[in-house]
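Peer 1: The amino acid sequence is not available; the structure is as follows:
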């Protein structure tokens, strides 16, 4: 029995509205090429090691690179995630993604952009910040260098939070400015206070237990080997790998 991955026709139809228009010659079979791209990212293979069933590996890589730079995979994720109707409770958290040595050059890219890789106690890492719904499905993704604090990710995601009643977060998000910002948006806060606080912060302990779902979500994303280990130097391409994994695992 083959262990190759193939998108179903129903899944392909859900993704098709996000495909860029083809100019000139028609594109090579979308189902075959996208299935090959997913297989490579899920199994952490080099592009030259793609199974022959998916066609020439250069076709897979060129489509992956071109669509990543165009933001196609990010739009797939955002578009399908926007269809959710369950936003009573949302959760925020961050996780480290290990950068392989082939991706961890600290020299800046052309145009002055950084690679979003930083040195931490665990080595060279990228940090993924995420917002998830009550079922542990990702709604928003944001990427920084590994040494960047959770506050930075929270500040970046604050203005794009989906409408909800509650937000759950761990002690890393216990900051007065963040609590005030959430209250201004009409969100009830369930974040325990830091141990160093002079006054105790009350929070709903029973509701807080649900926060483990976002940690389970990170674990499922890291089952994709090209997400758990970053091989791509370009941050936009790596974010596309994360967005593609989130789309296939949670939204197709």
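Peer 2: Done, it's in. Nothing here was measured: the structure is a model prediction, and the numbers come from that model.

Peer 1: Which of the residues in the least confident helix or strand in the chain by mean pLDDT are classified as buried?
Peer 2: Lowest on mean pLDDT, DSSP states H and E among the helices and strands of the chain sits strand 118-120, with a mean of 87. Of the residues in strand 118-120, residue 118 count as buried by neighbour count, 16 or more other CB atoms under 10 Å. For every residue, glycine as well, the C-beta is placed using N, CA and C.

Peer 1: now that strand: how far from the chain's centre is it?
Peer 2: Counting by CA atoms, centre = their mean, to the nearest Å, strand 118-120 is centred 19 Å from the centre of its parent chain.

Peer 1: on contacts alone, who are the packing partners of that strand?
Peer 2: Here strand 118-120 touches strand 123-133, going by 3 or more CB pairs under 8 Å, 6 or more residues apart in numbering; DSSP states H and E.

Peer 1: what helices or strands is the strand it packs on leaning on?
Peer 2: Looks like strand 123-133 contacts strand 89-99, strand 118-120, strand 138-145, helix 150-158, helix 212-221, helix 235-246 (3+ CB pairs under 8 Å, 6+ apart).

Peer 1: Quick check: can you name the pairing partners of that strand and their directions?
Peer 2: With DSSP bridges as the test, strand 123-133 is paired with strand 89-99 (antiparallel), strand 118-120 (antiparallel), strand 138-145 (antiparallel).

Peer 1: can you give me the angle it makes with helix 212-221?
Peer 2: 130 degrees (axes from the mean of the first three to the mean of the last three CA atoms, to 10 degrees).

Peer 1: angle of strand 123-133 against helix 235-246?
Peer 2: 50 degrees.

Peer 1: Could I get the contacting residues of residue 252?
Peer 2: 7, 11, 14, 15, 80 (CB atoms under 8 Å, 6 or more residues apart in numbering).

Peer 1: That should have said residue 34, apologies.
Peer 2: So residue 34 contacts 7, 12, 15, 63 (CB under 8 Å, 6+ apart).

Peer 1: Same list (the contacts of residue 252) but as CSV, adding distance to residue 180 and neighbour count.
Peer 2: Below are the contacts of residue 252 laid out as CSV (distance: CB to CB, whole Å; neighbours: other CB atoms under 10 Å):
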residue, distance to residue 180, neighbour count
7, 45, 18
11, 42, 17
14, 39, 17
15, 39, 21
80, 32, 19
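
Peer 1: Now, the residues you listed that are in helices?
Peer 2: Among the contacts of residue 252, DSSP state H puts 11, 14, 15, 80 in helices.

Peer 1: closest one to residue 189 among the helices and strands packed on strand 123-133?
Peer 2: Closest approach to residue 189 among the helices and strands packed on strand 123-133 (CB to CB): strand 89-99, 10.7 Å.

Peer 1: Report the inter-axis angle for that closest one versus helix 150-158.
Peer 2: Using the same axes, to 10 degrees: strand 89-99 against helix 150-158 is 120 degrees.
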